[in-house]
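> the amino acid sequence is not available; the structure is as follows:
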């Protein structure tokens, strides 16, 4: 009887993790450059005895990152940039370089391009991009080449994760890479656009309802199992 409880508890724990992930997706449905996540469930077999009998339990420690392209929305912002297709911008953070699809940038007092959080945008050589003194309207080509007053001065770096490497969310729209990022050979950058979150709110709300019902069903089973054990103990001690 304990085995049934253990199996149900691991399932409930996994459903709680999925509920948190779904709730986070919904909360970021309007966050520029956000990438939705999902929980990966796997079967974990635990040995019960030497005869080969096992107990099957749910394992929900894995995360799935959805890299599907989000909708590009026109803003006409001079330093609003969106990547069409594969790749990420690279920004410099206190914890090291991070990848992001959020392309709303602004100049600092020193002329460095950075995010609203103060992370500096990096060029193809992973160096900060600095606007020339007295630069007027900046033009950005599809390949990331930046020009001011008709003269090119930098090229925005667009990078991707090598095959087999993992991207780990570092809060919001930033991702850490377990290795060196590879430059995208033919990037496509759209100036005056921002990429919306790729979260489908209707799907996420439907999924939240499904997870909630599954959790309630599991809790109902645990309550009945607890009552059965109590009844059995009560009968044996009479």
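Perfect, I can see it now. These figures come from a predicted structure and were not determined experimentally.
> okay, the residue nearest the centre of the chain and residue 115: tell me how far apart.
In the chain, the residue lying closest to the centroid (C-alpha atoms, centre = their mean) is residue 35, at 4.6 Å. As judged by C-beta to C-beta, to the nearest Å, residue 35 and residue 115 stand 16 Å apart. Bear in mind the C-beta positions are built from the backbone N, C-alpha and C, glycine included.
> for residue 122, see how far away residue 129 is.
Counting by C-beta to C-beta, the gap from residue 129 to residue 122 is 7 Å.
> likewise residue 182?
Taken as C-beta to C-beta, the span from residue 182 to residue 122 is 14 Å.
> looking at the two, which is more packed in?
Higher neighbour count among residue 182 and residue 122: residue 122, with 21 against 14, using other C-beta atoms under 10 Å.
> and the more buried one, that one's in a strand?
Yes. Per DSSP: H, G, I helix; E, B strand; the rest coil, residue 122 lies within a strand segment.
> quick one: contacts for it?
89, 90, 91, 92, 97, 128, 129, 157 (C-beta atoms under 8 Å, 6 or more residues apart in numbering).
> what's the answer for residue 88, then?
So residue 88 contacts 99, 100, 101, 158, 159, 160, 175, 181 (C-beta under 8 Å, 6+ apart).
> ok, what's across the strand from it?
Taking DSSP bridges as the rule, residue 88 bridges to residue 159.
> and residue 175, bridged to which residues?
Applying DSSP bridges, one finds that residue 175 bridges with residue 99, residue 169.
> isn't it right up against residue 102?
No. In this structure residue 175 lies outside contact range of residue 102 using C-beta atoms under 8 Å: 10.7 Å.
> counting by contacts, list what the lengthiest helix in the chain packs against.
Taking DSSP state H as the criterion, the chain has its longest helix at helix 201-236. Counting contacts by 3 or more C-beta pairs under 8 Å, 6 or more residues apart in numbering; DSSP states H and E, helix 201-236 packs against helix 2-27.
> next SSE downstream of the helix it packs on?
Next in sequence after helix 2-27, counting helices and strands by DSSP states H and E, comes strand 37-47.
> and that following strand, which residues are buried?
For strand 37-47, the neighbour count (16 or more other C-beta atoms under 10 Å) marks 37, 39, 41 as buried.
> any idea how far it is from the chain center?
Centroid separation between strand 37-47 and its chain, computed with C-alpha atoms, centre = their mean, to the nearest Å, is 19 Å.
> so what strands line up beside it?
strand 54-65 (antiparallel).
> quick one: contacts of the very next helix or strand once past the partner strand?
Counting by DSSP H and E, the next helix or strand C-terminal to strand 54-65 is strand 72-74. Identification of contacts with strand 72-74 by C-beta under 8 Å, 6+ apart yields 82, 84, 190, 192, 193, 194, 195, 196.
> what sits against the residue nearest to residue 221 when sequence neighbours are not counted?
Here the nearest residue to residue 221 in space, its sequence neighbours aside, is residue 8; by C-beta to C-beta, 6 or more residues apart in numbering that works out to 5.8 Å. For residue 8, the contacting residues are 218, 221, 222, 225, by C-beta under 8 Å, 6+ apart.
> just the buried ones from the residues you listed?
218, 221, 222.
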